[in-house]
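>>> The sequence isn't on hand, but the structure is:
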Ligand SMILES: Nc1ncnc2c1ncn2[C@@H]1O[C@H](COP(=O)(O)OP(=O)(O)OP(=O)(O)O)[C@@H](O)[C@H]1O
Ligand SMILES: [Mg+2]
């Protein structure tokens, strides 16, 4: 289910709270924008088409959660999501070309997403069919020639199956034979080598050499020797893809892109400088990028290899630090298309403390889980966590503010020895306190040059 009724703005914010610390205003805003889309879908068709998505600009320094919010949001509502960098389109040769490729990529992702959902729905049936194929290998049915030709096949040969097969099927279902090796025939993974040679311009037309050539000579099959458990896995996938109807998947995916797709345009501020009078050079191409983006954001039809996609109701979230330029430096049409602006805040030491410990995927939890793989139980005292947070804030102040990303660099430095030494040879319990944190980091933190390189 994509966007359901229960996902009220409040519920969306609560979900985001599981991953992102602070930034309340930004969370509220994106939640509203998202809910508005669901609301729009409840509106009568003629009015529906009039309601424009509330595109958003997220402003704020690096590493404070701009991308993270958008990414989590998309995940939450199972919306197709893509992140692009506005600056990518300023590179020589990119100007005026290919902004539409983001919609194509988004569509590909939607297809993959919907396809997986459909496959999940037929998973059980697919597994049953896969087991039958495994059974065919373990217990081959007697070849036709073995059947008495004079008298024809015995009555009900098709329906009746041998008791052995029934028994084997049960054993198979209970995980029997799992380690036995069998030979199966599977569809060959198609190499993507061909794509490399695709002539320029091909992609723009929404074509793909591979698709065109893919069917020449039919689907290729390949014999593989694998364990029964793996065979079940492989064959299930194959059966699942046979069970689903790609036409329906495609239709649904296109609809989902159009109605709930999210495009995240990073570094929008870098293409926002107002063209200086008479000046050529980079400013022209920057404005050029905005002009290229504009039609997509205003609503255009993009041809993809899966069909036409209207971009009118795709949600665009733009983001940037806006240190030098301001949203008002964007061309007016662009500004009009991003009516909502939210400022994201610089993260404090207290935020870092929470980021280390609270999110579902909190860094400390991640490292703990990693080391648990080798039976090392890693704990930090509360003081130790505070020291890490403090150190991160200090290095951000002294060297360069990279936001929460600083926590990553600090943690890897802090745990380097442990991560290197740990080899699973003996279970350990390690509790790190503030002194140990200081001991490991102090020298680096105090030396500005050193921290520039290391932290
Ligand atoms: N408020 C936050 N709460 C939890 N984690 C955060 C927060 N802000 C950033 N992070 C973590 O820091 C990392 C970088 O965040 P993110 O990619 O969102 O930065 P950004 O704001 O998009 O920066 P940039 O402008 O450089 O793209 C991510 O791993 C993210 O999980
Ligand atoms: Mg980002």
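Done, it's in. Values in this document were obtained by computation on a predicted structure and should not be read as measured data. Ligands and ions are numbered 1, 2, ... in the order given.

>>> Which residues of the stretch 201-350 of the chain lie near ligand 1?
For the stretch 201-350 of the chain, the contact set with ligand 1 under C-beta under 6 Å from any ligand atom comprises 266, 321. C-betas here are computed from N, CA, C, even on glycine.

>>> hey, where'd the helices end up in the stretch 201-350 of the chain?
Remark: helices assigned in the stretch 201-350 of the chain by DSSP state H, counting those that start in this stretch are 209-214, 228-243, 246-260, 282-298, 332-337, 349-357.

>>> which outside residues touch the third one?
If I follow you right, that is helix 246-260. 2-3, 37, 41, 77-80, 103, 106-107, 110-111, 113-115, 118, 306-315 (C-beta atoms under 8 Å, 6 or more residues apart in numbering).

>>> filter those to the buried ones?
Buried subset of the contacts of helix 246-260 (neighbour count, 16 or more other C-beta atoms under 10 Å): 2-3, 37, 77-80, 103, 106-107, 110-111, 113-115, 118, 306, 309, 311-315.

>>> wait, doesn't residue 61 sit right on residue 403?
Yes. Assessed by C-beta atoms under 8 Å, residue 61 is found in contact with residue 403 at 6.1 Å.

>>> Give me the more crowded residue out of those two.
Per other C-beta atoms under 10 Å, whichever of residue 61 and residue 403 has more neighbours is residue 403, with 21 against 17.

>>> give me phi/psi at the more buried one?
phi 60, psi -140 (degrees, to the nearest 10).

>>> could you measure it against ligand 2, distance?
Distance, residue 403 to ligand 2, using C-beta to the ion, to the nearest Å: 10 Å.

>>> I figured that residue was touching residue 67, is that so?
No. The pair residue 403 / residue 67 is not scored as a contact, 11.0 Å apart, by C-beta under 8 Å.

>>> And the residue of the stretch 51-200 of the chain found nearest ligand 2, what's its pLDDT?
Residue nearest to ligand 2 within the stretch 51-200 of the chain (C-beta to the ion): residue 67, separated by 3.2 Å. On pLDDT, residue 67 comes in at 92.

>>> what comes up buried for the helix or strand it falls within?
Taking DSSP states H and E as the criterion, the element that holds residue 67 is helix 66-76. For helix 66-76, the neighbour count (16+ other C-beta under 10 Å) marks 66, 67, 68, 69, 70, 71, 72, 73, 74, 76 as buried.

>>> Please apply the same query to stretch 435-450.
Applying 16+ other C-beta under 10 Å to stretch 435-450 flags 436, 437, 440, 441, 444, 445 as buried.

>>> how about the residues you listed in JSON lines, adding pLDDT, distance to ligand 1 and secondary structure?
Formatted as JSON lines, the buried residues of stretch 435-450 follow (pLDDT from 0 to 100; distance: C-beta to the nearest ligand atom, whole Å; DSSP: H, G, I helix; E, B strand; the rest coil):
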{"residue": "436", "pLDDT": "91", "distance to ligand 1": "24", "secondary structure": "helix"}
{"residue": "437", "pLDDT": "92", "distance to ligand 1": "20", "secondary structure": "helix"}
{"residue": "440", "pLDDT": "88", "distance to ligand 1": "22", "secondary structure": "helix"}
{"residue": "441", "pLDDT": "88", "distance to ligand 1": "19", "secondary structure": "helix"}
{"residue": "444", "pLDDT": "82", "distance to ligand 1": "21", "secondary structure": "helix"}
{"residue": "445", "pLDDT": "82", "distance to ligand 1": "20", "secondary structure": "helix"}
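
>>> Much appreciated, bye for now.
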